[in-house]
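J.: Fold the following, please.
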Amino acid sequence: MCLKHTVILARNYFAMSKFSIVFFLLLSFTQVWSQDIAVIPQPVSLQPQNGNFVLKDGFSVGISASNAEAKRAADYLINKISQASGLKGSVSSKINGSVFRFRLVSTKNKEIGSEGYLLNVYPDSVSLVANEASGLFYGVQTLLQLLPKEIESKKIVSGVSWTIPCVSIKDYPRFAWRGMMLDVARHFFTKEQVKQFIDEMVRYKYNRLHWHLTDDEGWRIEIKSLPKLTQVGAWRAERVGLWAEMSPPTPDEPRNYGGYYTQEDIREVVKYAKDNFVEVIPEIDMPGHSLAFVASYPEISGTPGNYSVNSGEKLIDWSLPGHPALIDNTISPANESAYEYIDKVMTEVAQLFPYNYIHLPLRSVSKSEKNVGSFDGFQVPSEFPCGAT
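T.: The predicted structure follows:
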């Protein structure tokens, strides 16, 4: 798929910089600099004011409504501040007596919508107003950016002046769908690493995680009715080198590189994302890019043979017209039994992701003399244009 080479880079970046992916996020937005006040992404309006708000121990966050999601936003702020500064805070139902004052308005502000907010920092208090809890949550992300950079520390940092510049901000998103894609098919990321990816996303107000779960190089989601998908399809021989130039695995070579998520893992990640106002869109590659599926259940292929999960060997000859496949990595659309397998996969996937979309690429299907002949006249396009989904 089109973004695969970009996303593969994330694996090395995780190892290199303790799982921080801020560099990629920063490429997407423009910083706004106004008297040393920097917020990413750029707010709709930012007006610096005189003075600073000084954080003190025993601070309180007052919320105007008995709303579990609003309380999560308040708890999120308290935990981040306490973790880095050691200052203790608490949630209060009393707005006026609190230094942080979170309000969900009863009369909706149409301009800021469901994810927008109005933030005003005064010398003695901080006011955050939104229509919905998601707006409070995104306002908290802005507040954290206004604090000293040490706020991102996982342990208490001493010698820091914990102040917020006085400012008036109005903000709401230009795009309702603000997504990032994580490819766990080619290189497996643990459940905790996926959560950390979500943490990085929400810092910059992304709200859609496109989770690439299957491809030629690995099948990462448990399908209970098809256990071989994770027994076989989740594992391959480990290789280091240039992709598509590595040697194919030998029949007796261990397949121990990879991993997968149980359905309980998936539910846990989906809930974690939801708690952070992120929807998860799974990507299940088919009928092309399906070598992990085919290796698990060769009967769905149109080309008889022995298959293994791709370990970096060449799959397609890009130098020839039509880009013929060297290995048939396609689920045969002329194989009636293949639809039974697909139905089982999609039934279980749909039960795990409670949102409107599942991504089925339906493209990048290369034809070869072998698979075209086996389709009994069914013509597979040589290569759909990227994005024909």
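J.: what residues go with each domain of the protein?
T.: Domain assignment of the chain by automatic domain parsing yields the ranges 45-171, 179-374.
J.: can you put the ones you listed in a markdown table and add distance to Ile37?
T.: C-beta here means a position set from N, CA and C on the backbone, and glycine is covered the same way. Converted to a markdown table, those look like this (distance: least, C-beta to C-beta, whole Å):
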| stretch | distance to Ile37 |
| --- | --- |
| domain 45-171 | 6 |
| domain 179-374 | 16 |
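J.: nearest to Val39, of those?
T.: domain 45-171 (5.4 Å; C-beta to C-beta).
J.: Report the buried residues of stretch 89-96.
T.: Residues of stretch 89-96 classed as buried by neighbour count (16 or more other C-beta atoms under 10 Å): Gly89, Val91, Ser92, Ile95.
J.: next one: stretch 45-54
T.: Leu46, Phe53.
J.: Now do it, average pLDDT.
T.: Mean pLDDT, computed over stretch 45-54, is 97.
J.: what do you get for stretch 200-220?
T.: For stretch 200-220, the mean confidence score works out to 97.
J.: Can you give me the buried ones in that stretch?
T.: Buried-residue list, stretch 200-220, by 16+ other C-beta under 10 Å: 200-202, 204-220.
J.: which residue ranges form the helices in the stretch 151-300 of the chain?
T.: Secondary structure of the stretch 151-300 of the chain (DSSP state H, counting those that start in this stretch): helices at 191-203, 228-231, 263-275, 291-296.
J.: Hmm, Val345 and Ile223 touching each other?
T.: Yes - assessed by C-beta atoms under 8 Å, Ile223 is found in contact with Val345 at 5.5 Å.
J.: more neighbours, the two?
T.: Looking at Ile223 and Val345 with other C-beta atoms under 10 Å, you find the greater number of neighbours at Ile223, namely 25 against 19.
J.: List the contacts of the more buried one.
T.: Leu229, Thr230, Lys344, Val345, Glu348, Val349 (C-beta atoms under 8 Å, 6 or more residues apart in numbering).
J.: Ala295 versus Val232, what's the distance?
T.: According to C-beta to C-beta, to the nearest Å, Val232 and Ala295 sit 6 Å apart.
J.: who has more neighbours, those two?
T.: A count of neighbours by other C-beta under 10 Å puts Ala295 above the other of Val232 and Ala295, at 24 against 19.
J.: Could I get the pLDDT score of that one?
T.: 96.
J.: got it, and the one 3 residues further on?
T.: Listed pLDDT for Pro298 reads 96.
J.: Assess the claim that it and Asn306 are in contact.
T.: Yes - Pro298 lies in contact with Asn306 (C-beta under 8 Å); the separation is 7.3 Å.
J.: and these two? which has more neighbours close in?
T.: Pro298 (13 against 7).
J.: list the contacts for that one?
T.: Pro304, Gly305, Asn306, Tyr307.
J.: Quick check: it vs Val44, distance?
T.: Relative to Val44, and taking C-beta to C-beta, Pro298 is found at 55 Å.
J.: Name the nearest residue to the residue nearest the centre of the chain, sequence neighbours excluded.
T.: Nearest to the geometric centre of the chain sits Leu209, at 3.2 Å (C-alpha atoms, centre = their mean). Leaving aside its sequence neighbours, Leu209 sits nearest to Val280 (C-beta to C-beta, 6 or more residues apart in numbering; 4.9 Å).
J.: Now do that neighbour: how many residues are near it, please.
T.: 23.
J.: so it touches His212, yeah?
T.: No - using C-beta under 8 Å, Val280 makes no contact with His212, being 11.4 Å away.
J.: Can you show me the strands along the stretch 251-389 of the chain?
T.: 257-258, 279-283 (DSSP state E, counting those that start in this stretch).
J.: Give me the distance from the longest one to the chain's centre.
T.: When C-alpha coordinates are averaged (C-alpha atoms, centre = their mean, to the nearest Å), strand 279-283 and its chain have centres 8 Å apart.
J.: quick one: it to helix 191-203, angle?
T.: Strand 279-283 runs at 130 degrees relative to helix 191-203, counting by axes from the mean of the first three to the mean of the last three C-alpha atoms, to 10 degrees.
J.: what angle sits between strand 279-283 and helix 263-275?
T.: 140 degrees.
J.: ok, residues contacting strand 279-283?
T.: Applying C-beta under 8 Å, 6+ apart, the set of residues contacting strand 279-283 is 179, 181, 207-214, 221, 269-270, 273, 349, 352-353, 355, 357-361.
J.: The residue nearest to Ile331 when sequence neighbours are not counted: neighbour count?
T.: Nearest non-adjacent residue to Ile331, counting by C-beta to C-beta, 6+ apart: Pro287, 4.1 Å away. Neighbour count for Pro287, taken as other C-beta under 10 Å: 24.
J.: Touching, Pro287 and Ala334? I think so.
T.: No - using C-beta under 8 Å, Pro287 is not in contact with Ala334; the gap is 10.5 Å.
J.: coming back round to it: what residues are shared contacts of Ile223 and Val345?
T.: Leu229.
J.: Who are the contact partners of Asn276?
T.: If you count contacts by C-beta under 8 Å, 6+ apart, then Asn276 has Phe137, Ile198, Asp199, Val202 around it.
J.: Hmm, I typed the wrong one, I wanted Ser127.
T.: Arg101, Arg103, Leu118, Leu119, Asn120, Val121.
J.: and the third one, that one's in a helix?
T.: When you say that, I think you mean Leu118. No - the assignment for Leu118, made by DSSP: H, G, I helix; E, B strand; the rest coil, is strand rather than a helix.
J.: these two touch, right, it and Val105?
T.: No - using C-beta under 8 Å, Leu118 is not in contact with Val105, being 9.3 Å away.
J.: Give me the more crowded residue out of these two.
T.: Legend: neighbour count by other C-beta under 10 Å for Leu118 and Val105, higher for Leu118 (22 against 15).
J.: tell me the contacts of that one?
T.: Leu118 touches Asn109, Ile112, Ser127, Leu128, Val129, Ala130, Ile169, Lys170, counting by C-beta under 8 Å, 6+ apart.
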